[in-house]
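Undergrad: Got a predicted model here, sequence first, then my questions.
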Amino acid sequence: MTAEVTKPRPEREETDECLRRERDATDRALAERRALIEAKSDAAVTRARERADAALSAARENADQRSQESRLPGQASETVAEERSLEDVLVRGERALADESLRRERAAHARILSKLLPLERDKTDRHLLTERVRSDDAISHRDDFLGIVSHDLRNLLSGIVLSVDLLSQDTPAQDEESEAAMAAKRIRRYAARMSRLIDDLVDVASIESGKLATNVGRGDASALLADAVDMFQPMASDRGITLELDVADRPLPVDFDEERVLQVVSNLLMNSIKFTSPGGRIRVRGERAEGELLVSVSDTGPGIPVDMLELVFERFWQVGKKDRRGLGLGLYICKSIVEAHGGRIWVESRMGEGSTFYFTIPGRSGSSDQPVAEV
């Protein structure tokens with residue numbers, strides 16, 4: 001079954017979610033700040049009123065004392081009480097006016113903010129939409145360009161390899177170690193490497209557009225791992241590296257895209273061979289674990305720093321910055337292929353002891369006579 005598998009978390013969805021979170025956080029911060037300012041303002045008004053009341057009370061006491069001393073015979077205290085009652089009414093009226101003025105000022109500020117904020121966000125959204133259209137257009141042109149270039153480069157590489165093969169046919173068997181024969185081998189090796197780089201770039205373009213095609217069917221994982229080890233055994237031997245396979249003798253039937261999973265294992269093996277010194281050891285292991293296929297590729301290389309364990313799966317990222325024998329896309333492609341199958345991939349490493357890359361392929365795995373599941 002052929003399917004186009006969309007990335008589980010497209011970058012655009014992550015960007016939108018981050019934007020929503022930032023806006024929610026901004027709204028909360030704005031509300032908290034407004035509440036804090038209003039609380040401080042209310043506290044300041046309360047303190048001012050308390051000071052005013054204290055001053056008024058002290059002034060009244062002084063006035064009462066002076067009135068007692070200067071009161072004329074027969075002057076009634078009711079007159080003073082009436083005057084104070086009138087003063088209290090005036091004070092309450094002034095306070096009510098001040099409270100209403102403060103409420104209106106706050107309401108006006110809230111209305112201004114409620115009008116300005118949507119305008120700013122609408123402007124931001126329009127700008128974001130414009131940038132997205134430009135981005136989509138650029139991605140479309142990039143994909144078209146990669147498609148044309150990859151097709152033309154593959155044709156050129158095929159012509160180069162075919163020409164080398166024709167020249168090699170004219171080389172006598174006893175001259176296989178001659179300079180011309182060795183040059184032909186180098187050309188084939190370089191052409192194969194260029195072909196892998198082209199494939200990586202095309203795969204990355206497919207991944208970024210959410211169109212990583214997979215052909216899922218029932219396959220034997222143990223046979224696939226054996227094929228991968230056999231494929232890289234000569235390369236490992238040439239470098240003085242021991243390459244081992246540790247997998248159950250019985251079949252490991254799993255629903256997956258054999259070519260894509262073989263690509264994952266090949267990338268992991270190539271990565272391990274690249275960083276393992278002569279005399280080192282690489283082990284490929286396959287097993288069932290909690291209903292999933294669990295594959296691991298371990299090596300005795302230099303290891304990966306703890307702070308880089310997550311970064312190794314990023315695009316164009318390389319542990320050894322001085323080693324530029326690739327584009328830094330292999331592990332990123334591995335991660336995307338595994339996630340397209342619904343699995344996960346991770347690495348464990350200790351400096352000076354080596355690294356182990358793990359990945360899982362979930363789904364039913366059992367006897368080979370079971371029907372193929374659709375994913």
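TA: Nice, thanks for sending it over.
Undergrad: mind listing what L329 touches?
TA: D200, L201, D203, V204, R315, F316 (Cβ atoms under 8 Å, 6 or more residues apart in numbering). Every residue, glycine included, has its C-beta placed from N, CA and C.
Undergrad: got the residue ranges for the helices in the stretch 251-375 of the chain?
TA: 258-275, 330-340 (DSSP state H, counting those that start in this stretch).
Undergrad: By residue count, tell me the biggest helix in this structure.
TA: Secondary structure assigned by DSSP state H gives helix 78-169 as the longest helix of the chain.
Undergrad: Tell me the first helix or strand C-terminal of that one.
TA: Going down the chain from helix 78-169, the next helix or strand is helix 179-208, by DSSP states H and E.
Undergrad: Just send the helices of the stretch 251-375 of the chain back as TSV, with distance to V45 and mean pLDDT too.
TA: Formatted as TSV, these follow (distance: least, Cβ to Cβ, whole Å; pLDDT from 0 to 100):
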stretch	distance to V45	mean pLDDT
helix 258-275	68	92
helix 330-340	58	89
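Undergrad: between these, which gets nearest to E61?
TA: helix 330-340 (81.0 Å; Cβ to Cβ).
Undergrad: can you list the residues that contact that closest one?
TA: Applying Cβ under 8 Å, 6+ apart, the contact partners of helix 330-340 are 5, 7-8, 200, 203-204, 207, 212, 214, 257, 260-261, 263-264, 267-268, 270-271, 312-317, 344-345, 359-361.
Undergrad: Report the buried members of those.
TA: Among these, the ones that count as buried by 16 or more other Cβ atoms under 10 Å are 5, 7, 200, 203-204, 207, 212, 214, 257, 260-261, 263-264, 267-268, 271, 312-313, 345, 359-361.
Undergrad: Between all of the contacts of L329, which two are separated the most?
TA: Going by Cβ to Cβ, the pair spanning those furthest: D203 and F316, at 13.6 Å.
Undergrad: Could you give the secondary structure assignment for L245?
TA: State at L245, reduced to three classes by DSSP: H, G, I helix; E, B strand; the rest coil: strand.
Undergrad: what's near enough to touch it?
TA: L245 sits next to L225, A226, V229, R283, V284, R285 when contact means Cβ under 8 Å, 6+ apart.
Undergrad: Next one: the first one from T15, what distance?
TA: Going back to what we said before, that points to L225. 38 Å (Cβ to Cβ, to the nearest Å).
Undergrad: Repeat that for the third one.
TA: According to Cβ to Cβ, V229 stands 41 Å off from T15.
Undergrad: hey, where'd the strands end up in the stretch 201-350 of the chain?
TA: Ranges of strands in the stretch 201-350 of the chain, per DSSP state E, counting those that start in this stretch, are 212-215, 217-220, 242-247, 253-256, 281-289, 292-299, 345-350.
Undergrad: Go ahead and confirm G352 touches G303.
TA: Yes: if you go by Cβ atoms under 8 Å, G352 and G303 touch, sitting 5.7 Å apart.
Undergrad: Please identify which of the two sits among more neighbours.
TA: G303 (17 against 9; other Cβ atoms under 10 Å).
Undergrad: Next, count neighbours for the residue nearest to the more buried one when sequence neighbours are not counted.
TA: Nearest non-adjacent residue to G303, counting by Cβ to Cβ, 6 or more residues apart in numbering: M351, 4.1 Å away. Using other Cβ under 10 Å, M351 is surrounded by 11 other residues.
Undergrad: Where does pLDDT dip in the chain?
TA: Residues of the chain that meet the criterion pLDDT under 70 lie in 1-12, 63-64, 66-84, 86-87, 142, 170-176, 249, 316-327, 363-375.
Undergrad: Report the residue ranges of every domain in this protein.
TA: The record's domain parsing of the chain by automatic domain parsing lists 21-62, 141-212, 217-361.
Undergrad: So which of the ones you listed is nearest L129?
TA: Judging the domains of the chain by Cβ to Cβ, what sits closest to L129 is domain 21-62, at 15.8 Å.
Undergrad: Next up, the contacts around S206.
TA: S206 makes contacts with L212, A213, as judged by Cβ under 8 Å, 6+ apart.
Undergrad: Can you tell me how far it is from R260?
TA: From S206 across to R260, the span is 11 Å (Cβ to Cβ).
Undergrad: picking that back up, phi, psi of the residue nearest to G303?
TA: The phi/psi pair for M351 (degrees, to the nearest 10) reads phi -60, psi 130.
Undergrad: Contact partners for it?
TA: By Cβ under 8 Å, 6+ apart, the neighbours of M351 are P302, G303, I304, P305.
Undergrad: which residues does the first one contact?
TA: The one in question is P302. F275, M351, G352, G354.
Undergrad: Does the last one touch T300 like I think?
TA: The one in question is G354. Yes: with contact defined as Cβ under 8 Å, G354 reaches T300; the gap is 4.3 Å.
Undergrad: Mutual contacts of those two, please.
TA: T276, G280.
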